[in-house]
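A structural model of the following input is requested.
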Amino acid sequence: MTKLLKWLDKNILTFISFLLFLFIPLYPKLPLMELIPGYIVRVRLEDIFVLLAFFVLIVQVIRKKATLKSALFWPIVIYLTIGLLSGLSAIFITRTVPLDKWHILKLSLHWLRRVEYFSLFFIFYNGIKSLKDVKTFFILSALLMMLIAVYGYGQKYLYWPVFSTMNREFSKGVRLYLTEHARVPSTFGGHYDLAAFLVIFLTLFAALFTFLKKKQLKIPALIVFAAAYWLLILSGSRTSFIAYLAGLTFLFFFLAWKKGWFWGLSRWSGLVVLSLIVMIFFGDLSDRFAHLLKLPEFREKYKLDRLVQPLKPPPVSIGFQPVDENIPLVMDITDERPLTKKPSQAELPPDVYEDIPDGYEEVTVSGELEASSSIQKKIISRTFSENAYKYGLSVAIRLDALWPRAIQGFLKNPLLGSGYSTLTKETMIQFTEAESTDNDYLRALGETGILGFVSFFSIIIIALKKAWQALRKEKNQLLILLEASFIAFTLALLINALYIDVFEASKVAFVFWALAGVLLAGVEKRKTFSQSS
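The predicted structure follows:
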């Protein structure tokens with residue numbers, strides 16, 4: 001018993017790190033409790049686990065069995081301090097947050113979420129102690145990716161349930177099923193989050209199956225890569241697909257420093273060409289690119305039939321179809337009829353497939369006699385902007401609303417922004433149920449100003465610099481893969497952040513900072529790792 005306790009005391013953060021690494025991405029976003037009435041962000045089981053893990057970390061730091069000292073410690077502290085000052089400015093200077101307990105609680109909640117994300121970095125930084133732990137991390141990555149892929153395929157082809165957080169009602173834990181044009185979210189709260197997550201692991205497994213020499217390792221890595229890639233196609237995210245191609249480009253550029261330029265160019269070109277062929281001829285992702293590039297005729301001409309068709313939906317089910325990429329809509333698919341009569345596709349924006357109304361209002365219809373009067377529901381039709389018809393709803397919602405509001409928030413206080421959770425409000429007293437800018441750079445500028453923007457992205461730049469400095473002189477193959485992959489998928493995520501709030505998407509943010517912890521552990525503890533290898 002004494003030996004077990006000593007082992008646990010020595011390895012508890014390692015055990016916790018691996019547990020969180022599997023649990024956070026795999027467990028659906030099911031709510032435990034509501035901190036703020038009507039707010040889409042709810043407390044989930046993963047929050048409890050992370051809080052407990054952070055408590056263990058602090059205890060181990062006090063006992064001097066763990067440390068917070070790392071190249072990222074002070075940059076993180078500086079950013080969190082600026083975020084705190086931004087919140088105070090929002091309340092007392094710009095007055096974009098009213099002196100109301102629920103508004104202030106929401107502002108505080110967003111700041112605390114950043115603390116929670118960064119805590120994963122320190123937990124993993126202390127949890128990874130040897131090269132053996134890095135190997136275990138790669139093995140768990142393969143298991144994690146396959147489980148997420150299998151569940152995503154089940155949602156698409158077998159009508160496995162979906163748990164979404166893409167609007168207030170769905171975030172309550174409502175069980176949903178995908179309809180024909182819905183994009184696969186797997187265990188994530190939305191398809192965009194899944195796609196950003198896949199950018200990370202596609203880059204990682206592309207490195208594994210191309211760089212490793214042993215077939216018993218290359219083949220499993222290739223299988224995981226293929227499973228993840230098809231899931232990316234099913235997610236339907238154009239920006240993440242572009243980020244994925246960029247990630248491959250960065251990856252083979254950095255690996256070419258170790259293996260030669262012909263080696264890098266040949267493998268990069270092969271993977272990129274194969275990826276484009278699959279994207280163009282299979283799945284719905286090419287349709288979305290065709291709409292954006294105004295190439296529907298080309299897409300229709302060369303479209304191949306679907307290889308796999310989904311099963312008939314269950315007799316009683318609710319489908320969800322994100323015709324608007326930010327506000328999915330519930331449809332009754334029991335008899336496969338939409339709620340309203342379907343107009344011709346020419347009357348709708350290119351990425352809208354059903355004319356779902358904005359809502360209904362009750363109107364009194366008078367009869368010949370007063371007693372014969374009745375109350376009927378009148379349909380409130382949806383209206384679309386010029387940008388929606390020109391570029392599609394996905395682009396239009398950013399151009400018409402989200403990005404201009406972020407710029408307005410920045411202009412209210414260029415140094416500190418207008419504060420967390422203020423960019424979607426139309427008035428100061430409005431209590432919005434969710435926050436999204438769909439551009440991490442504009443969101444950082446709008447919420448925390450120039451100081452917040454610079455301090456946040458400085459953390460990422462320092463991590464990239466550390467990885468590059470280590471990669472240049474690294475000899476261990478596993479650490480080469482870790483360092484090159486980290487640089488590549490981080491640069492890819494920075495591209496993804498132009499169109500998605502990647503670093504605020506909880507599951508993606510948790511995993512990214514966890515991987516940053518693994519990377520910095522390998523970089524700053526290289527001597528220890530070398531001895532263990």
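
Roughly how far does the residue lying closest to residue 102 once chain neighbours are set aside sit from residue 172?
Nearest non-adjacent residue to residue 102, counting by Cβ to Cβ, 6 or more residues apart in numbering: residue 36, 5.8 Å away. No exception for glycine: its C-beta is placed from N, CA and C like everyone else's. Taking Cβ to Cβ, to the nearest Å as the criterion, residue 36 is separated from residue 172 by 14 Å.

do residue 395 as well
29 Å.

so the most centrally placed residue in the chain is in which element?
Most central in the chain under Cα atoms, centre = their mean is residue 193, positioned 2.6 Å from the mean C-alpha point. Per DSSP states H and E: residue 193 is located in helix 191-211.

what's the offset of that helix from the middle of its chain?
Distance of helix 191-211 from the chain centroid (Cα atoms, centre = their mean, to the nearest Å) equals 12 Å.

Can you name the element that comes right after it?
helix 215-235.

What residues sit buried inside that next one?
220-225, 227-235 (16 or more other Cβ atoms under 10 Å).

Ok, stretch 108-126 next?
109-111, 113-114, 116-126.

List the buried residues of the longest helix seen in the chain.
In the chain, with assignment by DSSP state H, the single longest helix is helix 440-473. Within helix 440-473, the residues that qualify as buried by neighbour count (16+ other Cβ under 10 Å) are 440, 442-457, 459-460, 462-464, 466-467, 470-471.

Okay, angle between the helix holding residue 193 and helix 215-235 too, please.
Helix 191-211 and helix 215-235 are oriented at 160 degrees to each other (axes from the mean of the first three to the mean of the last three Cα atoms, to 10 degrees).

Counting by contacts, list what helix 191-211 packs against.
helix 131-157, helix 215-235, helix 238-259, helix 261-281, helix 477-496, helix 506-524 (3 or more Cβ pairs under 8 Å, 6 or more residues apart in numbering; DSSP states H and E).

tilt between the last one and helix 131-157?
Between helix 506-524 and helix 131-157, the angle formed by their directions is 160 degrees, by the same axes, to 10 degrees.

from the chain's centre, how far out does helix 506-524 sit?
Distance, centroid of helix 506-524 to centroid of chain: 15 Å (Cα atoms, centre = their mean).

same question, the longest one
Mean C-alpha position of helix 131-157 versus that of the full chain (Cα atoms, centre = their mean) differs by 16 Å.

separation between residue 78 and residue 503?
16 Å.

who's more crowded, those two?
residue 503 (22 against 16; other Cβ atoms under 10 Å).

between residue 395 and residue 172, which one's more packed in?
residue 395 (20 against 14).

what's the helix or strand for that one?
helix 393-397.

same check, this time on residue 434
Per DSSP H and E, there is no helix or strand for residue 434.

measure it to residue 72 for me?
29 Å.

more crowded one of those two?
Taking neighbours as other Cβ under 10 Å, residue 434 and residue 72 compare with residue 72 leading, 24 against 16.

contacting residues around the residue nearest to the more buried one when sequence neighbours are not counted?
Leaving out its chain neighbours, the residue that sits closest to residue 72 by Cβ to Cβ, 6+ apart is residue 459, at 5.8 Å. Residue 459 is in contact with 72, 75, 76, 79, counting by Cβ atoms under 8 Å, 6 or more residues apart in numbering.

if I read this right, the second one contacts residue 461, doesn't it?
Put plainly, it is residue 75. No - between residue 75 and residue 461 there is no contact under Cβ atoms under 8 Å: 9.0 Å.

Overlap of the contact sets of the two?
With Cβ under 8 Å, 6+ apart, residue 75 and residue 461 have no common neighbours.

Considering the buried residues of stretch 108-126, which is situated nearest to residue 11?
Nearest to residue 11 among these, counting by Cβ to Cβ, is residue 126 at 10.8 Å.

low-confidence ranges in the protein?
The model of the chain has pLDDT under 70 over residues 283-284, 286-392, 529-533.

Name the residues of the helix or strand where residue 24 lies that come out as buried.
Using DSSP H and E, residue 24 sits in helix 2-26. Residues of helix 2-26 classed as buried by neighbour count (16+ other Cβ under 10 Å): 12, 13, 14, 16, 17, 18, 20, 21, 24, 25, 26.

Any idea how far it is from the middle of the chain?
For helix 2-26, the distance to the chain centre is 25 Å (Cα atoms, centre = their mean).

Between helix 131-157 and it, find me the angle.
Using the same axes, to 10 degrees: helix 2-26 against helix 131-157 is 30 degrees.
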